[in-house]
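**Q** need a 3D model of the sequence below.
(2 chains)
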2 protein chains.
Amino acid sequence: MTDAGASIGVFDSGVGGLTVLRALQAALPDENYIYLGDTARLPYGTKSVETVVRYALQAADELVARDVKALVIACNTASAAALGALRERFAPLPVIGVIEPGAQAACAASVSGRIAVIATEGTVRNGAYQQAIARLRPDAVVQAVACQLFVALAEEGWTEGEVAEAAAARYLKPLFADRAAAPDALVLGCTHYPALRGVIAATIGSAVRIVDSAETTARATQATLRAADLLRTGSGPGTLRFLATDGVARFASVGGRFLGRSLDAAEVQLIDL
Amino acid sequence: MTDAGASIGVFDSGVGGLTVLRALQAALPDENYIYLGDTARLPYGTKSVETVVRYALQAADELVARDVKALVIACNTASAAALGALRERFAPLPVIGVIEPGAQAACAASVSGRIAVIATEGTVRNGAYQQAIARLRPDAVVQAVACQLFVALAEEGWTEGEVAEAAAARYLKPLFADRAAAPDALVLGCTHYPALRGVIAATIGSAVRIVDSAETTARATQATLRAADLLRTGSGPGTLRFLATDGVARFASVGGRFLGRSLDAAEVQLIDL
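**A** Prediction:
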């Protein structure tokens, strides 16, 4: 029997998924977490589906060996490529990806059915959000835009100021230029993007609802654990462990920006996958 | 005996090294070239030295198997980590890296001895340029700055306009704020950066000489081949072949920006290392 006190395993190709971990901690502060960032092999977005599935299975094996009670794939590319394979391999362990919760929240947030998705080149190209939204709401009109520079801006910590504002304007203004056809909801379809939420909101205006797949994934995880009677509550603040496959110092320095608190390299354990 | 008609092998972790290939073609248009981009395993900048050496040896093996007459390492990280290992393994084959020529040109370009180096985080941290410049000119004062966003800007094709200008100002203005202590030469220490040369020059002003390691590496290659009597001249335009380890379509679309001409995916052969 799985124990409610066991940890939730969170997996990403790097540090971007720490925005999902942060949302999980906010929603479920009593839980214990183990976060694995496959920093040696990032980025996943440019790799073939077969390779991403193989990497995701290796990372999940590592987390499952540490007796996790659920797996959260805090990476859009890995969610799109490997969710089915992970569920099959580890059933009945709950496995939650970021795309389905993001698509559900977008459909709920949009009145007009016109939805913008911003994501990495890989996620836009493989169409995972477009398909997930179309399954839920066949009449939706989805415009997907790759905002590659947002990843670099978030990693650099340039989440406000002139560079971020100019980049947001260049990517997003064209989507909203025709007011009559403008989307009324925008999905942050990359785990790096919540770091830029402020500048994105200022660019597109308050009439557009922003869907943060980190938050919606946290809520989906909560619902899944509750249904399985695996929620850990009332035990006080849970523990947090970090694993990375390379670059522990960089994981700590850049990761702190996504986690929202400073992170010491000594907190991060180097592992080999 | 090596034949002057044999190709020059050029190796990079991705597409950035195409700026070096472009400079080589401009300096040595009659030569034949084989370019290998290890796109499946980029970026190298965040990986350990041992791993980069192993990857560089594998890539070089692949090029040497195609009978190249010289190897150009068009990647700062690989030059810093693997130049010695490559020269040892393939002697007497000439192996040219980008760092030594860049450092030489910087020392020649600077009057004051105050030299700025802009590069990736990995290259700044490992200090390869700082050491190479110090060996040539012990009194030089080197300021090295990581300009991570320039890679994303170059890959996105945003090499001019408001975003590039604001980023260049944020990275570079502080270096030149104190006019009395400002560098008089700046090294483009990453193969992506020549794409942003215009905006960099406009930011730092015409009094600062810009050293493009692509150009200086091309001249070093020319000198090396001439000394070995291996220059191919007067034979008309040489041939060009591209090898990549993943993402042939992206290699072509992004690579074209660095090569300075459009590149078709059919020109790029997918190989496994």
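
**Q** what helix or strand does whichever residue of chain A sits closest to chain B sit in?
**A** Here chain A gets closest to chain B at one residue, A:Ala152, 3.7 Å apart by Cβ to the nearest Cβ. Every C-beta, even on glycine, is put in place using the N, C-alpha and C of the backbone. Using DSSP states H and E, A:Ala152 sits within helix A:148-156.

**Q** the inter-axis angle of that helix versus helix B:148-156?
**A** 170 degrees (axes from the mean of the first three to the mean of the last three Cα atoms, to 10 degrees).

**Q** show me what helix A:148-156 is packed against.
**A** For helix A:148-156, the contact count by 3 or more Cβ pairs under 8 Å, 6 or more residues apart in numbering or on different chains; DSSP states H and E identifies helix A:162-172, helix A:248-259, helix B:148-156 as packing neighbours.

**Q** check whether A:Ile210 really touches A:Leu186, as I assumed.
**A** Yes - checked against Cβ atoms under 8 Å, the pair A:Ile210 and A:Leu186 is within contact range at 5.4 Å.

**Q** which neighbours do the two have in common?
**A** A:200, A:204 (Cβ atoms under 8 Å, 6 or more residues apart in numbering or on different chains).

**Q** more crowded one of these two?
**A** A side-by-side neighbour count of A:Ile210 and A:Leu186, using other Cβ atoms under 10 Å in any protein chain shown, places A:Leu186 first with 27 against 20.

**Q** tell me what that one is bridged to.
**A** A:Ala116, A:Ile210 (DSSP bridges).

**Q** could you dump the helices and strands packed on helix A:148-156 to a markdown table with mean pLDDT?
**A** Listed next are those as a markdown table, based on pLDDT from 0 to 100:
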| stretch | mean pLDDT |
| --- | --- |
| helix A:162-172 | 98 |
| helix A:248-259 | 92 |
| helix B:148-156 | 94 |
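
**Q** of all those helices, which one comes closest to A:Gln148?
**A** Among these, helix B:148-156 comes nearest to A:Gln148, with 5.3 Å by Cβ to Cβ.

**Q** quick one: contacts of stretch A:138-146?
**A** Stretch A:138-146 is contacted by residues A:107, A:110, A:113-121, A:123-125, A:127, A:129-130, A:133-134, A:171-172, A:175, A:183, A:189 when judged by Cβ under 8 Å, 6+ apart.

**Q** now do the helices in chain A.
**A** With DSSP state H as the criterion, chain A has helices at A:18-27, A:49-64, A:76-90, A:99-109, A:121-126, A:128-136, A:148-156, A:162-172, A:197-204, A:213-227, A:248-259.

**Q** what residue ranges in chain A score low on pLDDT?
**A** For chain A, the stretches flagged by pLDDT under 70 are A:1.

**Q** go ahead and confirm A:Val20 touches A:Ala220.
**A** No - counting by Cβ under 8 Å, A:Val20 does not reach A:Ala220; the two are 10.7 Å apart.

**Q** which one's more surrounded, these two?
**A** With neighbours defined as other Cβ under 10 Å, A:Val20 and A:Ala220 compare such that A:Val20 has more, 30 against 22.

**Q** mind listing what the more buried one touches?
**A** The contact partners of A:Val20, by Cβ under 8 Å, 6+ apart, come to A:10, A:12, A:72, A:74, A:98, A:191, A:213-214, A:217-218.

**Q** domain map for chain A?
**A** Using automatic domain parsing, the domain ranges for chain A come out as A:8-97+A:215-270, A:99-213.

**Q** out of the helices of chain A, which is closest to B:Gly16?
**A** With Cβ to Cβ as the criterion, B:Gly16 lies closest to helix A:148-156 of the helices of chain A, at 14.3 Å.

**Q** that closest one vs helix A:18-27, what angle?
**A** 70 degrees.

**Q** hmm, back to that, neighbours of the residue of chain A closest to chain B, how many?
**A** Residue crowding around A:Ala152 was assessed by other Cβ under 10 Å; the count is 21.

**Q** swap in A:Asp12?
**A** 29.

**Q** near chain B, which residues of chain A?
**A** Residues of chain A lying near chain B by Cβ under 8 Å from any Cβ of the partner chain: A:39-40, A:42, A:46-48, A:51, A:121, A:148-149, A:151-153, A:155-156, A:158, A:161-163, A:166-167, A:169-170, A:246-247, A:250.

**Q** kindly reformat the helices and strands packed on helix A:148-156 as CSV containing distance to B:Ala4.
**A** Below are those laid out as CSV (distance: least, Cβ to Cβ, whole Å):
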stretch, distance to B:Ala4
helix A:162-172, 48
helix A:248-259, 44
helix B:148-156, 34
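
**Q** winner for burial among those?
**A** Mean neighbour count (mean count of other Cβ atoms under 10 Å in any protein chain shown) peaks for helix B:148-156 among the helices and strands packed on helix A:148-156, with a mean of 23.

**Q** burial measure for A:Cys206, as a count.
**A** Actually, residue A:206 is Ser. It isn't Cys. For A:Ser206, the count of nearby residues is 8 (other Cβ under 10 Å).

**Q** torsion angles phi and psi at it?
**A** For A:Ser206, the backbone dihedrals are phi -80, psi -10 (criterion: degrees, to the nearest 10).

**Q** run through the residues that contact it.
**A** Listed by Cβ under 8 Å, 6+ apart, A:Ser206 has no contact partners.

**Q** about what we covered before: mind putting the domains of chain A into JSON lines with distance to B:Pro94?
**A** As requested, the domains of chain A are arranged in JSON lines below (distance: least, Cβ to Cβ, whole Å):
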{"stretch": "domain A:8-97+A:215-270", "distance to B:Pro94": "32"}
{"stretch": "domain A:99-213", "distance to B:Pro94": "35"}
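
**Q** what's the closest of the helices and strands packed on helix A:148-156 to A:Ala59?
**A** Nearest of the helices and strands packed on helix A:148-156 (Cβ to Cβ): helix A:248-259, 14.5 Å.

**Q** distance from the chain centre to the closest one, please.
**A** Counting by Cα atoms, centre = their mean, to the nearest Å, helix A:248-259 is centred 16 Å from the centre of its parent chain.
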